[in-house]
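A.B. asks: What follows is a protein structure lacking sequence information:
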């Protein structure tokens, strides 16, 4: 994928469909994803009863997901791994633990401290409407998992077709536009509506 086409998908997240199981009420998932909270290191997502989290993200349109960034400033509370599920239906902690998921990302403490962008197996994430993220544990085996920022990078599925991109590069933008959108003559401009009086 061309890196120029990959962008932060925050504008395509449907925040009405954002939820997290086992989040602490004072530190909800929106603190890690929604701006400006996700840019403030003083607010964060924290787990409640134990170290596990199950985050559900819904996108406003189908996307191709290219990479994920996780930032956690407390090494002992940082997530050790994320298990990703594409378009899951009613997934709970039991299913998330038992099932394999589309991909499991394992981080080292330096990656999460810096919020490094980690690429996904892009071929598996070509048609994502919803994404479930299971956090099974953290580095310090603490009861509380803390995430300061969680960001997603990719592109709308319909605007990121690499086959079409290759065709456009070969043919040239100008010739393609001329073929599908010939200039209209000036005389085709619409007439003003008649005076109702």
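C.D. replies: Cool, the structure landed. In this text the structure is predicted, and so the values were computed from the model without any measurement.
A.B. asks: residues of the biggest strand by length in the chain that come out buried?
C.D. replies: Counting by DSSP state E, the longest strand found in the chain is strand 53-71. Neighbour-count burial for strand 53-71, counted by 16 or more other Cβ atoms under 10 Å, picks out 53-59, 63-71. For glycine as for every other residue, the C-beta is placed from the backbone atoms N, C-alpha and C.
A.B. asks: Just the buried positions in the helix or strand just after it, please.
C.D. replies: Counting by DSSP states H and E, the next helix or strand C-terminal to strand 53-71 is strand 81-86. By 16+ other Cβ under 10 Å, the buried positions in strand 81-86 come out as 82-86.
A.B. asks: Mind picking the one among the residues you listed that's closest to residue 134?
C.D. replies: residue 83 (4.2 Å; Cβ to Cβ).
A.B. asks: does the residue most central in space within the chain belong to a helix or a strand, and which?
C.D. replies: Nearest to the mean C-alpha position of the chain, by Cα atoms, centre = their mean, lies residue 152 at 3.3 Å. Here residue 152 sits within strand 149-156, counting by DSSP H and E.
A.B. asks: Strand partners (parallel or antiparallel) of that strand?
C.D. replies: Next to strand 149-156 in the sheet, as set by DSSP bridges, lie strand 7-8 (antiparallel), strand 53-71 (antiparallel).
A.B. asks: Count residues in the vicinity of residue 128, would you?
C.D. replies: Neighbours of residue 128 under the rule other Cβ atoms under 10 Å: 23.
A.B. asks: That one pairs with what?
C.D. replies: residue 63.
A.B. asks: Tell me who's in contact with it.
C.D. replies: 59, 62-65, 86-87, 154 (Cβ atoms under 8 Å, 6 or more residues apart in numbering).
A.B. asks: Can you add pLDDT and distance to residue 123 and give the residues you listed back as JSON lines?
C.D. replies: Output for the contacts of residue 128, formatted as JSON lines (pLDDT from 0 to 100; distance: Cβ to Cβ, whole Å):
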{"residue": "59", "pLDDT": "97", "distance to residue 123": "18"}
{"residue": "62", "pLDDT": "96", "distance to residue 123": "16"}
{"residue": "63", "pLDDT": "96", "distance to residue 123": "14"}
{"residue": "64", "pLDDT": "96", "distance to residue 123": "10"}
{"residue": "65", "pLDDT": "97", "distance to residue 123": "11"}
{"residue": "86", "pLDDT": "98", "distance to residue 123": "12"}
{"residue": "87", "pLDDT": "97", "distance to residue 123": "16"}
{"residue": "154", "pLDDT": "96", "distance to residue 123": "13"}
